Each structure stands twice: as C-alpha cells, then as structure tokens.
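**Student:** sequence plus predicted model, see below.
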Amino acid sequence: MRELLDAGMVSGDLSDAAGGVQAEKNGKIVITFDDGFENVFRNAMPVLKECGFRAIQFIVSGFIGKRNSWDEALDGLTEPLMDEAQIREWLAQGHRIGAHTRTHRRLPSLPSGAMREEIESSKKELEDRFGVAVEDFCYPHGAYDQRVADMVQEVGFKTACTIRFGVNRQGVNPFQLLRMTARRESRGLKHWVRQWKTRGLQWEI
Ligand SMILES: [Zn+2]
C-alpha cells in the first residue's frame with residue numbers, strides 16, 4: 001500500500017474500473033479483499049487509514065462472525081471472519097462492502113433456483129443489515145460462466161470481480177473485472193506500478 005501511495009495512486013470505486021483509460025491515467029486503484037476476514041479488519045485497516053486509501057471487502061452474508069469453513073478441506077485451517085460490529089466499524093471508516101454469496105458455493109454448478117438464492121439474497125441480507133447499497137459482487141473461487149454473470153446483472157449488481165489477472169481498460173466487461181493479487185512476490189503489480197510511474201504525464205489518450 002505504501003508503494004501504491006508513493007507512486008501517486010488514489011482510491012477509486014469499482015464503477016471507475018470499468019471506465020477505461022481515464023481511470024488508469026488518473027491513477028485510480030481499487031483495493032479489494034475477499035471473504036471478509038477479521039485479519040483484514042485488524043491488520044489492513046490501520047494501514048489503509050495511514051495511507052488514506054479506501055477498500056472494499058466482499059462479505060459472505062451467511063458467515064458473518066463465523067469462520068471460513070469452505071476452505072477447511074484445503075489445509076484443515078480456518079480463520080475468523082468479521083462480525084457485525086466490525087463490519088459496521090469498517091463502513092464507518094469510509095470503506096465499502098460487496099457481496100460474495102451467502103455460503104461461498106461454486107456458482108456454475110448450481111441449479112438456477114439455488115444460484116439465484118446465493119446471489120440475490122446475499123445482496124438483500126447485507127443491504128438490510130447494514131443499510132448501505134451493495135452494488136459490487138465477487139465470484140466465489142473465481143468461478144463463473146455466462147449464466148452466472150447474467151444473473152448477477154439481473155438481480156441489480158453493477159460490477160463483478162473475477163480472479164483473472166490484469167488491468168481494467170476501455171471496453172472491459174463490468175461483470176468480468178480483472179484483478180492483480182498483491183502478495184510479496186506480486187511482480188505483475190510491481191511492473192504495472194513502475195510502468196504507470198514512468199509514463200506519468202506523457203500518458204496518451
Ligand atoms: Zn472467497
């Protein structure tokens with residue numbers, strides 16, 4: 001986050017991400033976190049504040065205050081997820097929430113009724129509970145197909161995030177937004193930041 005700040009990046013919203021080259025030229029980035037982990041609340045929120053960035057967390061509406069048991073099969077370990085009070089504090093600090101289904105199922109394998117239930121009720125539950133508009137969706141496990149993307153749009157979301165790598169440029173499908181994973185060895189992200197800094201004011205539209 002400090003590298004992004006030093007490079008001159010500023011927080012945008014996911015609706016900007018679909019806006020093409022102007023958003024990139026202005027250095028607009030969107031910091032996203034999947035699943036609503038309590039460790040984001042604990043570890044990332046102070047850094048976000050220090051850097052003046054806003055972020056969005058994609059919440060699994062049926063697991064607020066629980067643990068991410070859908071990942072238990074991977075290594076037997078689970079982590080605590082934010083509870084209601086923590087999500088309220090997250091919002092109070094100027095951050096946003098998006099929906100990540102009710103129970104973190106793989107959507108393409110579900111029949112239509114169950115798929116709609118996962119997508120639509122996660123939006124409604126979060127909006128009712130927290131009193132904010134929930135317009136951004138994120139596909140659990142990055143799994144989606146046209147049928148899933150169509151339903152996300154149909155129930156009223158404005159964007160959806162995948163786990164496919166890349167920068168969102170002009171003409172990107174707002175229901176198939178690209179992202180870059182920021183880990184210690186996130187060369188793709190470092191490369192993009194360097195390139196962005198180099199091009200600076202010479203950016204051509
Ligand atoms: Zn997830």
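**Tutor:** Received, thanks. Residues are numbered from 1 along each chain as shown.
**Student:** and residue 70, how many neighbours?
**Tutor:** 18 (other Cβ atoms under 10 Å). Every C-beta, even on glycine, is put in place using the N, C-alpha and C of the backbone.
**Student:** that one reaches residue 106, doesn't it?
**Tutor:** No: when contacts are counted by Cβ atoms under 8 Å, residue 70 is not listed as touching residue 106 (9.6 Å).
**Student:** what do these two both touch?
**Tutor:** Taking Cβ atoms under 8 Å, 6 or more residues apart in numbering as the criterion, residue 70 and residue 106 both touch residue 140.
**Student:** three-state assignment of the residue nearest the centre of the chain?
**Tutor:** What sits nearest the mean C-alpha location of the chain, by Cα atoms, centre = their mean, is residue 32, with 3.7 Å. With DSSP: H, G, I helix; E, B strand; the rest coil as the basis, residue 32 sits in strand.
**Student:** beta partners for it?
**Tutor:** Under DSSP bridges, the beta-bridge partners of residue 32 are residue 56.
**Student:** please tell me how far residue 140 sits from the ion.
**Tutor:** Using Cβ to the ion, to the nearest Å, residue 140 is found at 5 Å from the ion.
**Student:** burial count for the nearest residue to that residue once chain neighbours are set aside?
**Tutor:** Excluding the flanking residues, the one nearest residue 140 by Cβ to Cβ, 6 or more residues apart in numbering is residue 104, at 4.5 Å. Neighbours of residue 104 under the rule other Cβ under 10 Å: 20.
**Student:** quick one: residues contacting residue 104.
**Tutor:** Contacts of residue 104 by Cβ under 8 Å, 6+ apart are 35, 60, 63, 68, 70, 140, 141.
**Student:** next, give me the two most distant ones among the residues you listed.
**Tutor:** Farthest apart among the contacts of residue 104 by Cβ to Cβ are 63 and 141. That separation is 14.6 Å.
**Student:** more crowded one of these two?
**Tutor:** In this view residue 63 and residue 141 are compared by other Cβ under 10 Å, and residue 63 has more residues nearby, 20 against 14.
**Student:** check contacts around the closest residue to the more buried one other than its chain neighbours.
**Tutor:** Using Cβ to Cβ, 6+ apart and skipping the chain neighbours, the partner closest in space to residue 63 is residue 81 (5.5 Å). Counting by Cβ under 8 Å, 6+ apart, residue 81 makes contact with 35, 36, 37, 38, 60, 63, 64, 65, 66, 67, 68.
**Student:** same question for residue 114.
**Tutor:** Residue 114 touches residue 105, counting by Cβ under 8 Å, 6+ apart.
**Student:** do the same with the one 4 residues further on
**Tutor:** Contacts for residue 118 were tallied using Cβ under 8 Å, 6+ apart; they are 101, 102, 103, 105, 107, 110.
**Student:** you'd agree it is in a strand?
**Tutor:** No: read with three-state DSSP, residue 118 is helix and lies in no strand.
**Student:** for the helix or strand bottoming out on mean pLDDT in the chain, buried residues please.
**Tutor:** Ranked by mean pLDDT, DSSP states H and E, the weakest helix or strand in the chain is helix 21-25, scoring a mean of 71. Using 16 or more other Cβ atoms under 10 Å as the test for burial, helix 21-25 gives 23, 24.
**Student:** same check on stretch 8-24?
**Tutor:** Under the neighbour-count criterion of 16+ other Cβ under 10 Å, stretch 8-24 has 9, 11, 12, 13, 14, 16, 17, 18, 19, 23, 24 buried.
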